[in-house]
Structure formats: structure tokens, C-alpha cells
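Undergrad: here is a sequence with its predicted model. Questions after.
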Protein chains: 2
Amino acid sequence: MTHRLETFFKPKSIAVVGASANTTKIGNATLKNILISDYDCEVYPINPKEKQILGEKCYKKLTDVPNDIDLVLVSVPAKIVPQIMRDCVQKKVKNVIIISSGFSEAGNHELEDELKSIIEKTDMNVLGPNVMGYKNSADGLDASFVYGKARKGDLSLISQSGALGIGMIYLANNEFVGISKIIGVGNKLDIDDDDLIDYFAQDPDTKVIGLYIEAVKDGRKFMNSIKRCKKPVLVVKAGISEAGARATASHTGSMAGSDKIYGAAIKQAGGIRCRDVVELFDMARALAGQPPARGNRIGIVTNGGGLGILLTDACVENGLTVPKLSKTTYKKIDKILPDLIKPNNPVDIVGDAGFYRYEAATRALLEDSNIDGVIVASVHGGYARPQEFTGAILKMIRERKLHEEYKKPILATWVGGKEFEDLVWDLKSAGVPIYPSAWRTARSMMGLYLEGQRLKREKKKGN
Amino acid sequence: MTHRLETFFKPKSIAVVGASANTTKIGNATLKNILISDYDCEVYPINPKEKQILGEKCYKKLTDVPNDIDLVLVSVPAKIVPQIMRDCVQKKVKNVIIISSGFSEAGNHELEDELKSIIEKTDMNVLGPNVMGYKNSADGLDASFVYGKARKGDLSLISQSGALGIGMIYLANNEFVGISKIIGVGNKLDIDDDDLIDYFAQDPDTKVIGLYIEAVKDGRKFMNSIKRCKKPVLVVKAGISEAGARATASHTGSMAGSDKIYGAAIKQAGGIRCRDVVELFDMARALAGQPPARGNRIGIVTNGGGLGILLTDACVENGLTVPKLSKTTYKKIDKILPDLIKPNNPVDIVGDAGFYRYEAATRALLEDSNIDGVIVASVHGGYARPQEFTGAILKMIRERKLHEEYKKPILATWVGGKEFEDLVWDLKSAGVPIYPSAWRTARSMMGLYLEGQRLKREKKKGN
């Protein structure tokens, strides 16, 4: 069965109400974004005063458009929006995005209630008001007013904050986290987080779901949508502190609710809570690029003893373990280390470690059935070129495709400077998650472990 | 009075025992680093088999050198080190760095004890064994075997881990944190962390002190040196978890001790504990570049409501407050905001905020006597160019120099991509701390608040 939001995300015809020739207007930016999309659809600008905008024939009213309209974007002053919505009902429009602001978030609850009563008895899908729209990178459609193009990929993002959502597009590009869809939810008059989670759960172009939320309207529905979802769901919940909750109320007009209750409920539903958007992208990179960890036993390879200890501390603080090496693994690694050095976990392959020591130690850990995930770390220590470290990781990623026992996640950490940065770029663009901090690496490994646990529970339920 | 380590860091003559013509040897790299230093001193390679190394006349033994030697660097196999140390005693050398490893960290406690007994009745200053040496960027001398040049600046770093210390040099360059001195302490046969803290405390080229420690030999001496120090001391303590402590033991042969006890003691001594080296550099940037915060009341300016809430949460979680605006400040900011938007703290200057709104809102917070520090935040939201955000910050930094009431720290946060990165680079190189994460910004502001509290206590003691 087709999901009710299918035509919302993949419309064959779009009207922009409030389309404008004035380049400072949101209605201009919105129309332009649709036109420059690499996406095939009919586009109808609506503006009572214009005959043509950006080369497209303009209609005075929605009801003047001679054909069916799958999606309407509304960018007119708040007080006119009810009339537009009545036109939508008359025209039997299925999907509407109300970009306009000036509703409950500004204290105008009555105006928002009026919209609600207009759509009440229809099966219209309405996003917003007070919303950026969405960018569907998977299909090439930009149905938003914000500029910037998100790279195509596996992560679908739901943001209650428009501006932060936009910033996240750029952050995603920078971190080489490809985006499938990114969408703002605004005041949630109709389409709510749980509807979007349900849609992305069945969307073949989405592998990981991320949310930035300040408040949810119906906690049970929200948690149930996460519970139903068979993909990892990452949640940033803002408004934890009292001062933050106060700001939340003024930002989207919603109450933040108790932080502890949210935390416990998200966890119980099988979602992963992230401290901020950086962590969300860190975990998304790991979940999109690496297999989940089947258990919490982590092996660490490092050319710097100190970094190994920091990684170990961070792993343990996040519910992972760094077990002693098995006899077999000890022997394998002992062979490749200098005489004075004895293997341990973290495996300190010491400062002069080059390509081969990285490769052999990582392989030994991948082959060890007592290890569920491997972190490979490098400090810009001065003997081997950083490229030997990244080269060894890429080799292991290639080998992993051939060996069943290697199907464990590999994450990387680095401490260094410029020379490293270019290599980090290479690794990221090859889909290998690498982080400049022990803490961020350990948190991402924790994310892979939690996903492994979720899959186990799901399998159990399935039997 | 001159500190006993003054000639250790500023020697007029240096001998390298184990100097080598073989470019794969540490004794080669060490000699080369001294020779390429922008520093004026006599250099004596010591090697029984060579007549000349890297163009310098070579001596068979230390005792053959006709002149006084201020500093000896030792890079020979461990078993020969005792004889070299006896030569040092005979030659009345004041300062020795034992780079060689193979002592207590490898289980050879007897050999290390032998060294101890040789230097026992002398006033020799001995660093190591198992150590990288130091880089004194303030004076231009590199007395270490590791490559890489640290930019000159205000931070002096003490690292128990050699490799991590090296990585930190590159990290520092990348973050535009200038280094005064960076030094490894290794097995701490003689020179210990507290000696170095005491030295840096009186060193006019050091403004902030940072330590990476795994264990300290004498907890009371260590804590007292922090207590005595009238500069901010940042401490990364590794080996928190049981597995981490196990790795610590094998890394430097020392016991990690109880984490909680360390944490409480560092705090009580007035030091600031950092979770990892990234946080250490984050705080060092803030402490070196910004005035301390006189209180914990923070004002936040943002073009993205969500980011403001995340920042507020992070501030509150770290002991700061985000108070409501005073009437005067409210009025000032109300004037510059669009009609629908009302001022709050965090001050949401909304998505289309350009240079002027950033400038005016930041100034209003700087002028407010209820605010002790300001965070200015930007999401790559799409209306104003990021340069308007960074330009406004730089203007406020310039104005701060002229107004007494403006003498409050300003930190910045951004969420965005490539276009931002170049501007971030500009800000960092101008000494303005900017972070790509709400959490990191709040932690650094906490560091400035803790430093403000320390200065208050000091002033009180002085009265």
C-alpha cells in the first residue's frame, strides 16, 4: 500500500501561492528552488497581480489552475492563509505546505485554530505553518525556500527548527553525510513527527532517521512510531534546562516537557538520544557507513598509548567494554610488535607504527570472536606518514567485503593537523567514519552497539 | 630568583649523546631538530664511532667536550644509559633529558633505580626516561626528536604521553592555539609535573598551562603546585575506567589512582578538568584570547532559535545561567527586531538577521550589568552571508578595547559548511574562539567562569 505522504514528497504538480517576482520575497525563493530542481513536474505560480513569474505562466487564484495540483506551497501573510486553505479544499488539493509564520508561535492561536477547522473534515496533508518546507535530495526536488543543496544519501532529517535544519544541510555536506530528505515540521498543525517517522520507515531511500525536536504534541504516538520503525532513529531533544524550556516556548510555542521522561521514553522505544546535532551527524555517519556492532566488546589499535587510554575511558563511560586479548590474538599481534612491547587492549603499536602494523593489528582484532567492533587511532606522531594509517583502514574495509568474520564496524580517530585533514576528507568521502576526538568516536561506536541490540530484539520478536 | 629549570629550557650549550648519521635513528632526528632551531647555542654530537655528524664536530665521550654543557640529550640503548649518567655527573652537567626507553615502563625497574641512585646526591635536573624532550617555541629551541613546529603562543603543555604530545602540536596549529613550550614527562625519574607547573607559573611567556596526565607520583605536591599557580591550569586525566587504568599501567608503568579523588582534588586546587585534549584546546583558546567571566550569567545571540535552546541547555548543564533580560536591554533589542518577534534570552534575532542585528544585540548584552559573558551564534540559515555574523563579532571585539563595561568574554558558535569554514579560520587566527558545537562553546564559557572565580578567590586572599 502506498503511504499517504507519497504524493506529498513526490508531487507531479506544484502550485506556489504567493509566488513573487521580487527576489527579496520568500515566494520568489520558493518558486526558484522548485524550478532549479532536477525534478520533473508541473509548476503553477499563483499571484493576483502578475501574468508571468520567472518565465512561468501565473494564475490569479488556485482555483483558476485548470489541472490537478498534488502540492501547494503557501507563502502569503498569515491573515490571508485561511482563504487560501479554503481554496485548497475547493480544489481538492491533497498536500499543502504552509511556510507563512505568525500563528501559534507568535501567540495567534485563534488563527491557527481556524486553519485546523478548515482542514478538519478533509484528508488533506498539511505541513506547518511556520516551516521551511522540505528538500528531497533522493528524487532531486527542493520544495523549500532556503538555498543550498544537500548531497544525496541515506539520512532523512526532521527538524522542528527551520534555521537549524538549514544549518544542518551545510553541516551534512561538510561531514559527507548524504541526505535523503530534510524537512521542517514547524507548528505541526497536521503532519507530525510520527507521520514522518512512519513515512521514512518505509521509504527505500532512507537508511537512518534523525530528529531535532523541542517538544512533541502526542508523546505516545511519537514513541510508538519510533518503536515501529525498523531503522535507527537518532533524536536530539532540546529544551532540557529550565531556561532552555523557556526559550522553547517562545520559539515554537510548545512546552518542552520533562527531560528525564523524554530520555527514558526514547530509550525504551529503541531510539538513540544524541546530545547535539554534531553527535547526530557523527552517529548517522557510522550507522550509514558501517555494520552494527553485535556486542559491546571493542578492540582498539593506536600508535599513541595516551590516545588509547582516552579511547578506552570514553568507551567504558558509554557502556562498552575493552576486553583483554585472547591468547590467539595476543600471539598474532606479538609477532608484529618490537621486542620490548607487549600486546594489550588498547593495542599500542607504538610511535613508529607504519602501514603493516596497523593492518596486521586491525586484522587480528577483526578475526577475534571476542571483539565486536574496532577503533583504529592515530596521533600525528612523526614516524610514519598519516597516509599509512588511512591506507591500512581502507584496505581493511575492502577486505571486510570478502570475509564473513570481518563484518564488524571499523571507526577511526585522529589527533593532528593539516596533513591529516586532507586524508580525513578522503576517508569521509569514502564513507569511513573518522573523528577528531576519542569521545565522539566512542559515542558513535555506542550508537552502532545500540543498533545491534535493536536488531537482536527485532529478530527475537520475529521468531 | 632564577628558577632552577631556567637553563634547562634556555641552555647555552647542548650535547646529544647517541647522535647519529643514520637518518632512521632518534639520535639523528634529535640533533637535526636542535640544528634547525632558530636558537643560538653550542651543539656537541657525542658518538664514539663518528668524527662529524650533520657538519658538526663529533666527540667520543661527554667528558671529551672541552666546554661546559648546560643540557645533555641521551638517546642510546637503555643498558648504556647508567654509564652516560655517570659521565654527566663527572662533567657536572646541570640538565639531562633521557629520551631512551626500556625502563620502568617496560618492567625494568632495577635499571631505573640505578639511574636514581646515580643522580641522588647531585642537583642535576633529569627529564624522563622514555620521553620526547621539549619544544620551546617561545625561544625557538626544539630539544626533542619529533618533527613538526608549533606556532608561538601562550599555552604551555605538559604531556605524560609522548605521541599524544606530538599530536597535540599539530592540533594546536590547526586550532590556532599558540604554544609557548610543550614537554613530555615520561617516567618522571626526577622532573615531575609539579616542577614544570611551578616553572610555567613564573614563566612570562606562559599564560595558560595544560596537562595530559595518566598518574602523578606525589598527589599532594601536584595539587599544591596547581594551588600555588596564578595562571589557569587545564588538566586531562586519562585512565578513568578500569580498562583505561590497566592500559595506563602498561603505558607508563604507573597506577592511575581513583578517578573521583583526582577530580575532586584538581577542582579543590583550582585547576580545570577537561574531558579530552580537544576540550583542553577549546578552553585554552578561550582563556588565552578572552577576558575571564566575572560571573556565570550568560547572554546568547542567535539567528536560529533551535541553536539558542541547545546553547542554553549546554550552559545550564555546565553551571552557567541564562537569565531573563533586564528591562533596559529588552527595550534596546526590541527596537532592532521585526515587529512579530519579542526579545528573550537567548536573543533570537531570527533567520534574516544581518550585520546590524548581530552588532546591536551583542552590544546590548555587553552593556547589561546582569550579563557576565556573551555567546554569539549563527546557523548557515541562508539570508545574510556568514561574513555579516563574523564581521559583527570582530567589530565588538574592537569596541571592547575602548569600553570598560564591555570587558566580558565573547565566544562564538556556528552550524554550517564550507562557506563558514574559511570565516572560522579568519576568526581563529584573529584570536576569537569559535566552536562548531553548542556543548564545546558552553564548556569553554564555563572555563572562563571558573577562571573568573579563581581570580576572585586570589584577590580575596591578597586583601
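TA: Nice, I can see it.

Undergrad: quick check: phi and psi on residue A:43?
TA: phi -130, psi 130 (degrees, to the nearest 10).

Undergrad: how does chain A divide up, domain by domain?
TA: Per the record, chain A has its domains at A:1-133, A:150-289, A:291-462, by automatic domain parsing.

Undergrad: may I see the buried residues of the top helix by length along chain A?
TA: For chain A, the longest helix by residue count, based on DSSP state H, is helix A:438-462. Neighbour-count burial for helix A:438-462, counted by 16 or more other C-beta atoms under 10 Å in any protein chain shown, picks out A:438-454. C-beta coordinates here come from the backbone N, C-alpha and C atoms, glycine included.

Undergrad: which secondary structure element of chain A has the lowest mean pLDDT?
TA: Sorting the helices and strands of chain A by mean pLDDT, DSSP states H and E puts helix A:242-252 at the bottom, at a mean of 72.

Undergrad: orientation of the helix or strand just after that helix relative to helix A:438-462 in degrees?
TA: Downstream of helix A:242-252, the first helix or strand assigned by DSSP states H and E is helix A:259-269. Put simply, helix A:259-269 runs at 50 degrees to helix A:438-462, going by axes from the mean of the first three to the mean of the last three C-alpha atoms, to 10 degrees.

Undergrad: does chain B sit close to the next helix or strand after helix A:259-269?
TA: Heading C-terminal from helix A:259-269, the first helix or strand you meet, by DSSP H and E, is strand A:272-274. No - Strand A:272-274 does not reach chain B (C-beta under 8 Å from any C-beta of the partner chain); its nearest approach is 10.9 Å.

Undergrad: for strand A:272-274, report the contacting residues that lie outside it.
TA: A:210, A:232-237, A:263, A:266-267, A:280, A:282-283, A:447, A:450-451 (C-beta atoms under 8 Å, 6 or more residues apart in numbering or on different chains).

Undergrad: by contact count, what packs against the longest helix of chain A?
TA: When contacts are defined as 3 or more C-beta pairs under 8 Å, 6 or more residues apart in numbering or on different chains; DSSP states H and E, helix A:438-462 sits against strand A:272-274, helix A:277-289, helix A:305-317, strand A:373-379, strand A:410-415.

Undergrad: after the fourth one, next one along is what?
TA: Following the chain from strand A:373-379 toward its C-terminal end, the next helix or strand by DSSP H and E is helix A:386-400.

Undergrad: for that next one, name the packing helices and strands.
TA: Packing partners of helix A:386-400 (3+ C-beta pairs under 8 Å, 6+ apart): helix A:355-367, strand A:373-379, strand A:410-415, helix A:418-429.

Undergrad: 6 Å instead?
TA: Counting contacts by 3 or more C-beta pairs under 6 Å, 6 or more residues apart in numbering or on different chains; DSSP states H and E, helix A:386-400 is packed against helix A:355-367, helix A:418-429.

Undergrad: could the ones you listed go into TSV alongside distance to residue A:345, mean pLDDT and mean neighbour count?
TA: Converted to TSV, the helices and strands packed on helix A:386-400 look like this (distance: least, C-beta to C-beta, whole Å; pLDDT from 0 to 100; neighbours: other C-beta atoms under 10 Å in any protein chain shown):
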stretch	distance to residue A:345	mean pLDDT	mean neighbour count
helix A:355-367	8	94	22
helix A:418-429	23	77	16
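
Undergrad: and the ones you listed as CSV, adding distance to residue B:33?
TA: Below are those laid out as CSV (distance: least, C-beta to C-beta, whole Å):
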stretch, distance to residue B:33
helix A:355-367, 25
helix A:418-429, 18
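
Undergrad: so where's chain A shaky on pLDDT?
TA: Low-confidence regions of chain A, defined by pLDDT under 70, span residues A:249-257, A:381-384, A:463.

Undergrad: what residue is smack in the middle of it?
TA: residue A:210 (3.8 Å; C-alpha atoms, centre = their mean).

Undergrad: the helix or strand harbouring it pairs with which strands?
TA: Taking DSSP H and E as the criterion, residue A:210 maps to strand A:208-213. Here strand A:208-213 has these sheet partners by DSSP bridges: strand A:152-159 (parallel), strand A:233-237 (parallel).

Undergrad: mind giving me CSV with the ones you listed and columns for distance to residue B:131?
TA: Output for those, formatted as CSV (distance: least, C-beta to C-beta, whole Å):
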stretch, distance to residue B:131
strand A:152-159, 45
strand A:233-237, 43
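
Undergrad: circling back to that earlier point, of all the helices and strands packed on helix A:386-400, which one is nearest residue A:77?
TA: helix A:418-429 (43.4 Å; C-beta to C-beta).

Undergrad: which residues outside that closest one are in contact with it?
TA: Residues from elsewhere that reach helix A:418-429 (C-beta atoms under 6 Å, 6 or more residues apart in numbering or on different chains): A:176, A:380, A:386, A:390, A:414, A:434.
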